[in-house]
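Participant: just coords:
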């Protein structure tokens, strides 16, 4: 959680309200975790943490949510982001979900490319002021 906030502050200039959002997402996961329907992964490269992602219950019992995809700068270009997203999708399918959604921001172009490549489609976008910046939030979805 701290790493997520630090990296986004460094790369995008986001303020500590982003770290607060990450902390709430992780706390909700820990407080309400259902191992039969939710999971998280930490990727390693050469024995070092290289990235992470969560698959959690979405707005209904048929929709999963992909949360907090992160790939360390030193690990980018190794396919780790794609592998983490693939793990989320496989887990969701295997655990009875029929769709997956995620929310991101348009400035996160590398993540958006991964989502597009694995079949997510942009279903909504809206400007917002968050994390100390004017951004465009996006909701992406794909059927499983």
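Facilitator: Arrived safely. Since we're looking at a predicted model, the values are computed, not measured. Residues are numbered from 1 along each chain as shown.

Participant: Against which helices or strands is the longest helix seen in the chain packed?
Facilitator: Identified as the longest helix of the chain according to DSSP state H is helix 16-32. Using 3 or more Cβ pairs under 8 Å, 6 or more residues apart in numbering; DSSP states H and E, the elements in contact with helix 16-32 are helix 2-12, strand 48-57, strand 63-71. Backbone N, C-alpha and C define where each C-beta goes, glycine included.

Participant: so for the helix or strand hosting residue 112, what's the average pLDDT?
Facilitator: Secondary structure from DSSP states H and E places residue 112 in helix 109-117. The average pLDDT within helix 109-117 is 97.

Participant: Just the buried residues of it, please?
Facilitator: Neighbour-count burial for helix 109-117 flags 111-112, 114-115 (criterion: 16 or more other Cβ atoms under 10 Å).

Participant: Following the chain onward from the longest helix of the chain, which element is next?
Facilitator: Taking DSSP H and E, what comes next after helix 16-32 is strand 39-45.

Participant: before we move on, the earlier item: hmm, who's touching the longest helix of the chain?
Facilitator: For helix 16-32, the external contacting residues (Cβ atoms under 8 Å, 6 or more residues apart in numbering) are 1-2, 4-6, 8-9, 38, 40, 54, 56, 67-68, 130-132.

Participant: so what secondary structure elements neighbour the next helix-or-strand element following the helix holding residue 112?
Facilitator: Following helix 109-117 in sequence order, the next helix or strand is strand 121-130 (DSSP H and E). Under the contact criterion of 3+ Cβ pairs under 8 Å, 6+ apart, strand 121-130 touches strand 133-143.

Participant: Would you mind listing the buried residues in the strand it packs on?
Facilitator: Of the residues in strand 133-143, those buried (16+ other Cβ under 10 Å) are 135, 138, 140-142.

Participant: and it, which strands flank it?
Facilitator: Strand 133-143 sits in its sheet next to strand 99-105 (antiparallel), strand 121-130 (antiparallel), going by DSSP bridges.
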